[in-house]
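> model this:
(one chain, ligands or ions: 3)
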Amino acid sequence: MERTRVISEAQLQAQKDICRQIGAYWQEKGVTPLAFVDTYGCQQNEADSERIRGMLRDCGYEMTDTEEGADVIVLNTCAIREHAEQRVFGNVGALVHTKRRHEGQKIFLCGCMMGQDHVAKKIKSSYTHVDGVFNPHQLWRFPELLQSVLKTGKRVFAVEDEPGNIAEGIPVVRQNDLKAWVSIMYGCNNFCSYCIVPYVRGRERSRQPEDIIREVKELIAQGYRDITLLGQNVNSYGRDLGLGIDFADLIGTLAELEGDFWLRFMTSHPKDATKKLFDTMASHDKIAKQFHLPFQSGNDRVLKEMNRRYTSAQYLELVDYGRAVMPGLILTSDVIVGFPGETEEEFEDTIKLIERVRYDALFTFIYSPRRGTPAAEMPDPTPKADKNRRFDKLVATQNRISEEIHRDYIGKTVKVLVDGREGEVLTSRTEGGRLVRFPGEDSLIGQFVEVTITDCTTWSLVGTIK
Ligand code: SAH
Ligand code: SF4
Ligand code: F3S
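Ligands and ions are numbered 1, 2, ... in the order given. Sure thing, here's the model as predicted:
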């Protein structure tokens, strides 16, 4: 089996030294360089972008929120569906003009799309204004790649497919003062037949528990109140470490840390979600009573073809257990319609499952073939129009359920974390992530308060402080 590569302190120190040299390069020019970092895709990518910003800050760059006039542009890309890729290609194409207006502008592409050979090749041959490309395995070397481009003006392609690595101590610039992402593991071993992630992010590897505990402690001390533990399948955390520590143990330990905060996690694969995890959640107030548990399809034949390794009955048993130990548990999920060969009846099983579970929110996707995955080779006779119709039905079903659940909040008192102000009112989020607006003082921002819900709009709740 491939071994996880641990990037050594010396290797990371060498990158930090390069950051200092880049800082000196700009200082000599008497310029404060600007950097624009744009992120596509999931929270893992958001977390990676925070590291890219950290490295850029150490190189002397200030962040800007537009491509125009930026000295370096980094697009952190996503490969999960064709639509995501098309957006990236469109935006990269448009950068030809932006670059012409700003001499010396350097453009880098990274993230999951760059983990696919054919994409890196296409960038190399057809998008010659792109200066640098690196895949997720090479992220820790970004300072070295940037320096090479600045020094030589030559393009760099760091796209070697290596065993996955772990690099501790990359600087981070976080996007929010209250909410933080903490990756606890990287990669995925599941190979769901439709999914590109295992091919572009490598095999599953867990960070050492003490490194995670240290990071979470620091975040709490810095005033972070909402901390999300990230992994493609957090339930298999620790399996590769051989320490006898599983995800439930890890989150249980973190929930005992001093301070006022919510802990969340995503994502959980149903085949590995354990009753022990639900029990741990139930017994700790600091673990938000929210569970994102993707089911993908309500039909057992489709689930098998997807290589998900659970049945709808096993899935429902988990949901029932979670709700039994945590009444009011907020459940969210991902679902795919139009998987190759999915029939109308099989799709109806998905609708039935949604009606049975009544999710708080659902992330709905139309199947998108990904080159190199087994599902992309499966016969797919269903016309696009049928898939679209199924998708619309799915969305309408969930919208109705969401609205019903939304209305049920009226009259209830809920704990919220106040995160900002919008004109006359404060904005806040419930434990399950719903937006609640209510009148109050700025001093409440960053605090947990109890709010009684008095009204609702389609997307948010309205309340008064208790
Ligand atoms: N690791 C997570 C999710 C990763 S991707 C998990 O296993 O749940 C997020 C979601 O994108 C998936 O849950 C799935 O619903 C969707 N997805 C992944 N590949 C897809 C594809 N090829 N077409 C359409 N949706 C896809
Ligand atoms: Fe993709 Fe499945 Fe891994 Fe999630 S668990 S990242 S859907 S292969
Ligand atoms: Fe996209 Fe990569 Fe996340 S493919 S969904 S950014 S792991």
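
> How far does stretch 29-41 stretch from one end to the other?
Distance between the two ends of stretch 29-41: 36 Å, counting by CA to CA, to the nearest Å.

> Residues of the stretch 101-250 of the chain that sit close to ligand 2?
188, 190, 191, 192, 195, 197, 198, 232, 233 (CB under 6 Å from any ligand atom). C-beta coordinates here come from the backbone N, C-alpha and C atoms, glycine included.

> wait, isn't the fourth one in contact with residue 305?
No - with contacts counted by CB atoms under 8 Å, residue 192 stays clear of residue 305, the gap being 10.1 Å.

> Only the buried residues of stretch 271-288, if you could.
272, 273, 277, 278, 279, 280, 281, 282, 284, 286, 287, 288 (16 or more other CB atoms under 10 Å).

> Just the buried residues of the residues of the stretch 101-250 of the chain next to ligand 2.
The buried subset of these (16+ other CB under 10 Å) comprises 188, 190, 192, 195, 197, 198, 232, 233.

> Which residues are in contact with the third one?
In other words, residue 192. 296, 306, 307, 308 (CB atoms under 8 Å, 6 or more residues apart in numbering).

> ok and the residue in the stretch 201-350 of the chain nearest ligand 2?
residue 232 (4.0 Å; CB to the nearest ligand atom).

> SS state for that residue?
Following DSSP: H, G, I helix; E, B strand; the rest coil, we place residue 232 in the coil state.

> quick one, what contacts it?
44, 185, 187, 188, 190, 197, 201, 204, 267.

> how many neighbours does the third one have?
The reference is to residue 187. 25 (other CB atoms under 10 Å).

> how close does it get to residue 205?
Computed as CB to CB, to the nearest Å, the residue 187 to residue 205 distance reads 6 Å.

> anything in contact with each of those two?
Contacts common to residue 187 and residue 205, judged by CB under 8 Å, 6+ apart, are residue 164.

> chain center to stretch 81-93, what's the gap?
18 Å (CA atoms, centre = their mean, to the nearest Å).

> Can you tell me what sits against that stretch?
Here stretch 81-93 has contacts from 38, 40-41, 75, 77-79, 107, 109, 113, 119, 123, 127, 130, 365, 368-370, using CB under 8 Å, 6+ apart.

> From those residues, list the ones also adjacent to ligand 3.
Answer for the contacts of stretch 81-93 near ligand 3 (CB under 6 Å from any ligand atom): 41, 78, 79.

> strand partners of the worst-scoring helix or strand of the chain on mean pLDDT, parallel vs antiparallel please.
When the helices and strands of the chain are scored by mean pLDDT, DSSP states H and E, strand 5-6 comes last with a mean of 90. Strand pairing for strand 5-6, determined by DSSP bridges: strand 165-166 (parallel).

> can you tell me the average pLDDT over the strand it pairs with?
For strand 165-166, mean pLDDT is 95.

> quick one on the thing from earlier: what's the next secondary structure element after the least confident helix or strand of the chain?
Once the chain leaves strand 5-6, the next helix or strand it forms, by DSSP states H and E, is helix 9-29.

> for that next one, which positions count as buried?
Applying 16+ other CB under 10 Å to helix 9-29 flags 12, 15, 18, 19, 22, 23, 25, 26 as buried.

> Of the contacts of residue 232, which pair is most distant in space?
Farthest apart among the contacts of residue 232 by CB to CB are 44 and 190. That separation is 14.6 Å.

> still on that earlier bit, got TSV for the contacts of residue 232, with pLDDT and secondary structure too?
Formatted as TSV, the contacts of residue 232 follow (pLDDT from 0 to 100; DSSP: H, G, I helix; E, B strand; the rest coil):
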residue	pLDDT	secondary structure
44	96	helix
185	97	strand
187	96	coil
188	96	coil
190	97	coil
197	98	helix
201	96	helix
204	95	coil
267	95	coil
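
> Tally up the residues packed near the residue lying closest to residue 291 once chain neighbours are set aside, please.
Sequence neighbours aside, residue 331 is the residue nearest to residue 291 in space, at 5.6 Å (criterion: CB to CB, 6 or more residues apart in numbering). Residue 331 has 20 neighbours, counted by other CB under 10 Å.

> One more: residue 108?
Counted with other CB under 10 Å, residue 108 comes out at 23.

> and it, backbone torsions?
phi -120, psi 140 (degrees, to the nearest 10).

> for residue 398, same thing?
Dihedral angles (degrees, to the nearest 10) for residue 398: phi -70, psi -40.

> which stretch of helix or strand covers the closest residue to it other than its chain neighbours?
Nearest residue to residue 398, sequence neighbours excluded (CB to CB, 6+ apart): residue 362, at 4.5 Å. According to DSSP H and E, residue 362 maps onto strand 361-366.

> Residue 369 too?
With DSSP H and E as the test, residue 369 turns up in no helix or strand.

> roughly how far apart are the nearest residue to it once chain neighbours are set aside and residue 370?
Residue nearest to residue 369 in three dimensions, not counting chain neighbours: residue 376, with 4.2 Å by CB to CB, 6+ apart. According to CB to CB, residue 376 and residue 370 sit 6 Å apart.

> Those two: who's more crowded?
Each of residue 376 and residue 370 has its neighbours counted (other CB under 10 Å); residue 370 has more, 22 against 16.

> quick one: the closest residue to that one other than its chain neighbours from ligand 3, how far?
Closest residue to residue 370 apart from its sequence neighbours, by CB to CB, 6+ apart: residue 196 at 4.2 Å. Separation of residue 196 from ligand 3 (CB to the nearest ligand atom, to the nearest Å) stands at 6 Å.

> can you count the residues close to residue 82?
For residue 82, using other CB under 10 Å, the count is 13.

> for the residue nearest to residue 307 when sequence neighbours are not counted, phi and psi?
Excluding the flanking residues, the one nearest residue 307 by CB to CB, 6+ apart is residue 193, at 4.6 Å. With angles defined as degrees, to the nearest 10, residue 193 sits at phi -70, psi -20.

> count of neighbours near residue 193?
19.

> How is residue 170 assigned, secondary-structure-wise?
On the basis of three-state DSSP, residue 170 is classed as coil.

> Return the residues in contact with it.
Residue 170 is in contact with 12, 51, 54, 55, 139, 140, counting by CB under 8 Å, 6+ apart.

> switch to 6 Å and redo it
With contact taken as CB atoms under 6 Å, 6 or more residues apart in numbering, residue 170 is in contact with 51, 140.

> For it, give its distance to ligand 1.
Counting by CB to the nearest ligand atom - residue 170 and ligand 1 are separated by 22 Å.

> Within range of ligand 3, give me the residues from this protein.
41, 42, 44, 45, 78, 79, 80, 111, 112, 196, 197, 201.

> and ligand 1, which of these contact it?
80, 197.

> and the strand holding residue 362 with ligand 2, contact?
No - counting by CB under 6 Å from any ligand atom, ligand 2 has no neighbours in strand 361-366; the shortest distance is 10.6 Å.

> Touching that strand from outside, list them.
332, 333, 334, 335, 336, 337, 338, 387, 391, 394, 395, 398.

> could you pull out the helices for the stretch 101-250 of the chain?
117-126, 142-152, 197-201, 209-221, 247-255 (DSSP state H, counting those that start in this stretch).
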